[in-house]
Every structure is written in C-alpha cells, then in structure tokens.
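Novice: one predicted model, sequence on top.
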2 protein chains.
Amino acid sequence: MREPEVVALDGDTIPDGLVEAALSYERALAEDDVALLDAFFVDGPAAVRTDADGVLTGHGAIARFRRLRGGAPARLLLRLEVVVLSPESAVTIATTSASGRSAALTQVWRRTPDGWRIAVAHVGAPASALDERVWRVAGAPLLPAASPGALDGMTVAVKDVFAVAGQRLGGGVPAFLAGRDPETANATAVQQLLDRGASVRGVAVTDEFAYSLTGVNPHHPPTPNVLHRGHLPGGSSSGPAAAVALGEAMVGLATDTAGSIRVPASYQGLWGLRTTHGAVDTSGMLPLAPSFDTAGWLARDGETLLRVAESVLGASTTASAAGLVTLEDLRLTDPVAAAFDAALDRLGPVRRVAYPLDELAAAFRTVQAAEAWRSHGAWILAHPGSLSADVAGRFAAAQLVTADDESAARAALDGHALRLRELLGDDVLVLPSTPTTPPPLDIAPASLDAVRAATTRLTSIAGALRAPAVSAPLLGPRGAAGGLCLVGSRGDDVQLVARMLDLATELTTEPRS
Amino acid sequence: MREPEVVALDGDTIPDGLVEAALSYERALAEDDVALLDAFFVDGPAAVRTDADGVLTGHGAIARFRRLRGGAPARLLLRLEVVVLSPESAVTIATTSASGRSAALTQVWRRTPDGWRIAVAHVGAPASALDERVWRVAGAPLLPAASPGALDGMTVAVKDVFAVAGQRLGGGVPAFLAGRDPETANATAVQQLLDRGASVRGVAVTDEFAYSLTGVNPHHPPTPNVLHRGHLPGGSSSGPAAAVALGEAMVGLATDTAGSIRVPASYQGLWGLRTTHGAVDTSGMLPLAPSFDTAGWLARDGETLLRVAESVLGASTTASAAGLVTLEDLRLTDPVAAAFDAALDRLGPVRRVAYPLDELAAAFRTVQAAEAWRSHGAWILAHPGSLSADVAGRFAAAQLVTADDESAARAALDGHALRLRELLGDDVLVLPSTPTTPPPLDIAPASLDAVRAATTRLTSIAGALRAPAVSAPLLGPRGAAGGLCLVGSRGDDVQLVARMLDLATELTTEPRS
C-alpha cells in the first residue's frame, strides 16, 4: 500500500500507533476482513458510523451493515490529517481516491488497552453524477411542465415502465432497454402530470418487468430503504418510492398490479394510491398483467397524494363516510399484528368478516402469471439469461400455466370478486398494507417466498376487486410497523385518500383519557 | 427552534453546556451569523471542516469558505447523538432535515476557557438525484455506445451546446432551452464518440451561450473547482471540465472559441485539446463565433486525451519533433510566471520572438463579438432579461460592432495570422494556457475584466491561427500553477498531444545532477 502524506495539523506529536492503526484499518477494508474491521470499532453502544445513508449507532448495527455490504470499493489513502485531542483520543481526516473520484473520511479514535479503536466514523461519499440506486436518467428537470396547473412545482419520479419522450423504456431489464428506440411521446399517465404543472425529475428504477415485490434488481446499485436501513425497499416501484423517501422527488408515478405501490409505500413509510383499474389510461405503459395493471402515485404525505389524485382523477375530495370492515385470519407477524390491532381499537367499530383469502390469492396469482407470460414470454425466450434468477424463476413458472388453468382461475377469481364485494357491501375494507415489516436484506430465499405469498394474499384483494387501495404509514411510530391500507369501491379513489387523511388524524391525535 | 431528540450513546452524563452549544451553532447557521459561526470553531491550524467538496483545514480557510458561501440552506435538527470522549471533549452526530432530504453532521467538540468549540466537523450532503453543479441531465448512461471501438468503456460529459438525441439543447440559458424542441439526432461530435465505443453520461453545464471564461452561470448551483476550492472553475466548458475533475465522467466533449477548453483545463488541472478549426464537423453544435468555433476534449490524463484525439481524427500519433518557440511579454502573474520560467528552463532551447499580441487580441475580440451577435443577437433582443449581467453586457458591447469595425478587424486578424505563422515557422508555440491561476470567487468585477483581457490575449492566438492547442497541467505541482499550452500547425492535433506527453515526461522526471 502506498503511504499517504501524514500531517499533524496542530504540530503536536502524533500519539504512538495511531497512524499505524489507521493504515491497518485501510488494509483490513481492502481485504474486506470483516472480523478485523469489527474489532477496530469500540465495543458497545457508543460506536457510530455515518455515511450517505444515515447514522448507524452501536457496534452491533455497524457489524451487521458490514456483513451485508459484502466489501467496500477499492480506495487509495492519499492524505491523513491528524487532530490530537488528548494522549487518549485523536481525530484523523483522510482523503481517499477511487476510480478518479475523491472522498473524505473522518474517524475519531480512542486509545484502549488493546490499542487504538474507532469511536465515531463519518464516511463521505465520492461525487456522483446521478444517484443510480434510484434513477436511470434524471434532469434538472428531465421534462418541464407542459402548462401551469394544480401540481405547479411538483417533481415526479417516473417508474421505468412508462414511456418518457426522448428516453428509451427500460422495464428494469438492461437487455430489453438495449433493444428499444427512444419514445416519441409520453405515456398518458406522464402527460397528465405535466399538463397539470408538474415536471419530470427523471426515470426511476424498477424490479425487472415489475414482476417482484422486493425492490431488489441486480442491474443497478442497491436501492435503499431510508426507514428500515438494511432491509428490503419493497417493489416493484422501488425507484419512485426511494426517490420520494429520500426527498429526490415529491411524487412517484408508479404501477401496482399485485401490490407494487402499496408494498414499497408500506416498507418505506410513504403514502401510496393504487387507482381503480381503468381509472388512469395505461397508454404508453409497459404491461405486466393487464387485467390488474394500474397506475398510481407515491408521496411523503397524504395532502400531496390527495392533490395529485384529485387533480388527475377530477373527482370530489369529500371523504368517504362508509363503515369500516376488516377480515379474519390476516396472518400478520409482529410488530404489524400488534400495531394493526391497536389501530383498529382506535378506529371505533370495525366489522369483521371471514373470507377464504388463500383461494382468492391462488386464483389471482394464476391469472397474473398467465398474463405476465403473455406480455413478456416471447421476449424472454428470445433473450435467455437476461433476467435475474428470482424473476426468471417466476416467469418460468408462469410459462407452465395452461389455458385451462387460466380460464378456471379467471372464473374462480370473478366469483371471488362478486362474493367478496357482496360481503363488504359499501363498507371500506381496512387491512395492513403488508403482513410483515420489510425483510432484512440477507433473508433466506425460502423465507422470502413465504413473505411474498403472505403479502400477495392481502394485496391481491384490490386486484381481484379492480378497486382502489390507499396505503398510509400509520402502523407504529412514523409507520415503522408498516402501512394501513383502505380498499374502497371502484371510482372512489379520491374519497378514499381523503378518508385515510381523516383516519390519520384520528390515529395520531392523543386519545382522550 | 424545535428541540431535537438528544441521546447520550454510552449512557454517560453529557458535559454541561455541550447540547446548548450545538443548538446555538444551529441558530447561528440559520441566521448566517458568520462571526458567531467563525467563533464556534477552534482558532488556529487544527480546525477542520469536511464536506462533499473536500477537506478545509485551519480556521482561516473555514472562515473564508463561509464568507463566500453566503448562507447555508435552512435545516431542522431532528436528533443529536453524543459520544463523550472525556470531560474536555465529545462528539455530536446530528441528523438534520431540509426540504424532505435528511443529512448527517458529525462535530468533534473541545472544551475551552471560552466554552465548547468545534475542532473537527464533517458535513454530510443530503441525497441528490443529480449533481446539478455539473449536469443538466444524466443517465446510466444517457446514450449507450453505438458500436464497440477504441473508446470502449469511456463515459462522456457533453457540453450543453451539442445536440443530444431526445434532449433539448440548452446553451446554458434556461429561456433558450424552454423554446427548443427535443433534438432528433446527435451532433456529429457526439455521434463520433458513440460510434467508437464511448457512452454519453449526460449533458453538462456551460456558461451562457459559451460567451464567458469564468464558469459562473447563475442558472444552476455553482460549479466547483476541485483543484482550487473557492476559485473560479473556468469556462465556458465548466460542466464537462468539472465532470472530469470530479471523476463523474472520463471525457468532456466541449467547445473552444477563445479558450473555453483551455481555460477550465488550466484552472482545474486537466488535459484539454482545442482542435484545428474545421477538423471536427460542427453540425449540431450551437455556434458562438463560427470563424473560431472548434470542438475538442478534456480528460484527466494525456493518454486518455490522446486516445480520443487519435480515434476521432484518425491521424498518426508520432509526436511532433518541431522546435519550440515562445513569445516575449506574456504578462504572467505569479505563480504562473515562475512556473513557466522553470518549465522553459527544463525544456531545453526555446526560441523567443516578440509579437504585438494586444493588436492581435483586439482584432480577434472584435470579429468574435460581431459573429457572436450574429449568432444570438436576434434571440437576445426577443428575450430581454434572459442573460446574467456579465454575459448580457458582453453581448450588448457586441451589438455595437459595426460592419466596418468587423471587416477592418477581420483584415487585421488575417494579417496577424500570416505574420505570426511566418515568425513561428514550423516550430511549436509554447505558452501558459492562462496568464493567471483561477481568480477567487469573490474577485471584484474590474479585476475579473482585467483577467479576461489578459487571458484572451493568449488564447486568441490559436483562434487567429485556426490552429490546434493542447493544455496540460504541467505548471507547478499537480498543475497548481496552471496549464502549459502548445499551439501547433493546422492538422497536427494528434502529434501535438503526443508531443505534450513527451514534455510531461521531461518535466516530471527528476533532473540529472
């Protein structure tokens, strides 16, 4: 390793062993020697590591981050500045370089009986043209507003399944993107926002062909979950959701076939609306399963979501006054179960009905799979090896759905929709948006499959009913236990968002004792 | 001010006055109370402030930065975590929020007789979709390579004066951009790079209509100078230069009419080539003064620049073996003068000739102004108030150039070109790229005018000769005293870059004693 230039800023003598410790740390980082890196941080709760994704406190949290990261990018230590605080503590400020990009690293060291240890580290990110965890293309803006309107000043992250004029459509699949020509017109859902005063900030990442709920796509750097660091961001609208959560856009324009808006909203503490099927024209939108595909929006707060929904759908904002109903046997895991029970207690009388959700969800999945294969099967067969294992496996299973399977499932699903609608009547269905909090990034594949099945068991209800569903971060503090979901009647989208805003007020007002 | 959540991570008692000091600092920041902010940092050389632009050391450097910044964006302090190192020192880690974007701030505090003072601060940047100091649009990539070639894997920052298919052309002027339709084809200079394996990373910022050498454009956040923090980045190719300097692109595709490649290269420690006038087709390039407009490239090293030039221009890479010649009375300021003299001493015999550069430069500026007004005058008259004062003033002066002025100046310039070419013969002219190092950001307008005049006095030589000119960061350590410039004969572009690589070797090899 090349020796860096070392400078003691106050002219003090640098304490014995400090520079050697800093260099050893760099070597351990280069070798991704996780055990040694762990040992370099002070033990216990008073260890801190901060980077662009936020603050990690405690030795355990830092060690877990390091295990999940799987190695740091190679970097060269150019310069090390030292501020001595006492014989027992000092600060090093390192300037590093990686692929021509420089960055800075501040470390606060304490002398322990075992040698110098890091108490606090602040890792600066190198300069980056684009936040590729979130965006495939971005501009300042990428597309300006087409005219002034109700959405003046709003910036939009467009999921990479909508046509954006001048850009190629990617669908989260680089090989698919590579074969596309630039779009000559905007998708209707994009143009609607531009026509109302919003501008397009950029094209945001998505799971491959939107056929996943994890938000993990190996074709771009990992999309973060700001609310639950080290956990899945949720998908398939991972990019628009993270853009909104990070404050890089105000609105996410996304799609929801089987939960692709509600799941990332629930995992990341956002508001999200899956619209009534057919309420937003899908021209210029890449299909997944057209019987269920809907466009919708994500926002940080309910007022913004309401403004967008009202502006595009043009309906009344009178809150729905319908009764509330929920279902038995939702199979929630804690902390969702406890938070949902607590929410129901606060919401007053909620009717409870039983429904065979397993049957409904199975029928939904079969029809979804058949349609997904119809949408993308030919391309997938012509481009082997273009998808990651998880999504490729789902399409492979979809290919096996026969015409008889599909028509039987479709008939079953139509029956479920009728029966369930009758049971619900005019009441609004209240559910958790997801039955679990976001799984950790290192969840085992089998466990992830179980989470997916449990999740679509809830999210397929709105799909089957072709009904609107709104998710709001009302379970647990700041939505840490996930989203509360309202499923309404077809066409009641705006009233449903307004109703959720009312519920948010009820749930966050201190109860009278 | 809302009180943040305060947490002592190790359960220790937080030393008296520390939290109050941290809150006072936030108030001073909100009020941009520069004197109080200055007082909060420990005096002397052992104060450090690090942010995304790098490390500032010493109380004076930090105070200067703060004066130039002119206020920090408003932020809310959400959470303050404290690590106590001793009764005399502690670290605070703050989580802040601004416009929905969160960021982290680490501060190392020392107790002094006057109270708690900051010894070291590391300011994290909030998440950002796009580095708007440098880019107007970026993608991953924005445009892929059209075919494999010699430039495989290279990423290009395209100055916003070249047509990029699907994007509107901006020319650094938002009102101009707003009136454009998306381009349907790439400029030739863009397509040349795509055809040879490079991809376009994005559209990089430029001075307004490229009619400036400062790199200051009030229509986007300030473009940094990585080599000389707090100083002008140089322009008009400020964006492509900074993209390369920051490692956000490998190659900058830029233009040079009167120094727009050479000046930012010299100020930012980069290699840059202004090509022979006419050597790169200007189709799809926004004109400034067509008699002098050239396309060219910027890179971090000479090998990359050579590879691009050779690949596009298709010429031999044999280094020019011509003799070297320089001019008397270059009117350089230190440290450029001293560094240039030292370089000449190392380069062996360099012939010196006298030439009336003031006359040449005056004629150049008149023709440039007349052509600039012809290029943009009609638009400027139709869109009053669209340009910043500096560039608007230059165009206003250009409007006053009469047809007689222009033809007289053109005749004079042609005469100068003939006389100077004869004086130079086949020798290569060696000059500093700029007569000064980059002026500080707070330079007085009159001083800046003087710098501009002194600079174009040198840069207009290549313009008058329609000749290639290469700039390399060879004056002072890491080019801190600016670029060395070679002006060659028309068509000798590639040989000139190769010759500069030879000179770089000569100048950086230790002299034999």
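Specialist: Ah, there it is. Predicted, not measured: the structure shown is a model, and the values here were computed from it. Numbering: from 1, shown residues only, chains lettered A, B, ... in the order given.
Novice: quick one: buried residues of the helix or strand harbouring residue A:461?
Specialist: Using DSSP states H and E, residue A:461 sits in helix A:445-465. Buried positions in helix A:445-465, judged by neighbour count with 16 or more other Cβ atoms under 10 Å in any protein chain shown: A:448, A:451-452, A:454-465. All C-beta spots, glycine's among them, are computed from the backbone N, C-alpha and C.
Novice: nearest to residue B:198 among the residues you listed?
Specialist: residue A:448 (39.2 Å; Cβ to Cβ).
Novice: surely that closest one meets residue A:214?
Specialist: Yes: using Cβ atoms under 8 Å, residue A:448 is in contact with residue A:214, at 7.0 Å.
Novice: can you pull the pLDDT of residue A:23?
Specialist: The per-residue pLDDT reported for residue A:23 equals 95.
Novice: my error: substitute residue A:52 in the last question.
Specialist: Residue A:52 carries a pLDDT score of 89 in this model.
Novice: I figured it hits residue B:125, correct?
Specialist: Yes: counting by Cβ under 8 Å, residue A:52 does reach residue B:125; the two are 7.2 Å apart.
Novice: okay, the two: which has more neighbours?
Specialist: Using other Cβ atoms under 10 Å in any protein chain shown, the more surrounded residue of residue A:52 and residue B:125 is residue A:52, with 21 against 16.
Novice: show me what contacts the nearest residue to the more buried one once chain neighbours are set aside?
Specialist: Once flanking residues are discounted, residue A:52 sits nearest to residue A:125: 4.3 Å by Cβ to Cβ, 6 or more residues apart in numbering or on different chains. Residues counted as contacts of residue A:125 (Cβ atoms under 8 Å, 6 or more residues apart in numbering or on different chains) are A:51-52, A:103, B:52, B:125.
Novice: one step back: show me what the helix holding residue A:461 packs onto, helices and strands only.
Specialist: With contacts taken as 3 or more Cβ pairs under 8 Å, 6 or more residues apart in numbering or on different chains; DSSP states H and E, helix A:445-465 sits against helix A:262-268, helix A:357-382, helix A:403-424, strand A:428-432, strand A:469-475, strand A:482-487.
Novice: of all those, which lies closest to chain B?
Specialist: Smallest distance to chain B across the helices and strands packed on helix A:445-465 (Cβ to the nearest Cβ): 13.0 Å, for helix A:262-268.
Novice: name the surrounding residues that touch the following helix or strand past the closest one.
Specialist: Sequence order places strand A:271-274 as the next helix or strand after helix A:262-268, per DSSP H and E. Strand A:271-274 is contacted from outside by A:241, A:252, A:254, A:256, A:261-262, A:264-265, A:294, A:296-302, A:304-305, A:309, A:462, A:468-473, A:483, A:493, A:496-497, A:500, using Cβ under 8 Å, 6+ apart.
Novice: strand A:271-274 pairs with which strands?
Specialist: Using DSSP bridges, strand A:271-274 pairs in its sheet with strand A:294-299 (antiparallel), strand A:469-475 (antiparallel).
Novice: got the angle between the longest one and helix A:445-465?
Specialist: Read it as strand A:469-475. Orientation check (axes from the mean of the first three to the mean of the last three Cα atoms, to 10 degrees): strand A:469-475 against helix A:445-465 gives 130 degrees.
Novice: got a list of contacts for strand A:469-475?
Specialist: Contact with strand A:469-475 is made by A:256, A:261-262, A:265-266, A:269-274, A:302, A:305, A:335-336, A:339-340, A:343, A:432-433, A:459, A:461-462, A:479, A:481-488, A:493, A:496-497, A:500, A:503-504, A:507-508, as judged by Cβ under 8 Å, 6+ apart.
Novice: give me the ChimeraX select line for the residues you listed, limited to the buried ones.
Specialist: Restricted to buried positions by 16+ other Cβ under 10 Å, the ChimeraX selection for the contacts of strand A:469-475 reads:
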select /A:256,261,262,265,266,269,270,271,272,273,274,302,305,335,336,339,340,343,432,433,459,461,462,479,481,482,483,484,485,486,487,488,493,496,497,500,503,504,507
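Novice: nearest spatial neighbour of residue A:178, chain-adjacent residues omitted?
Specialist: Spatial nearest neighbour of residue A:178, excluding adjacent residues (Cβ to Cβ, 6+ apart): residue B:144 at 6.9 Å.
Novice: kindly report the same for residue A:267.
Specialist: In this structure, residue A:267 finds its nearest non-sequential neighbour in residue A:234, 3.5 Å apart by Cβ to Cβ, 6+ apart.
Novice: hmm, that neighbour is touching residue A:268, no?
Specialist: Yes: between residue A:234 and residue A:268 a contact is recorded at 6.4 Å, counting by Cβ under 8 Å.
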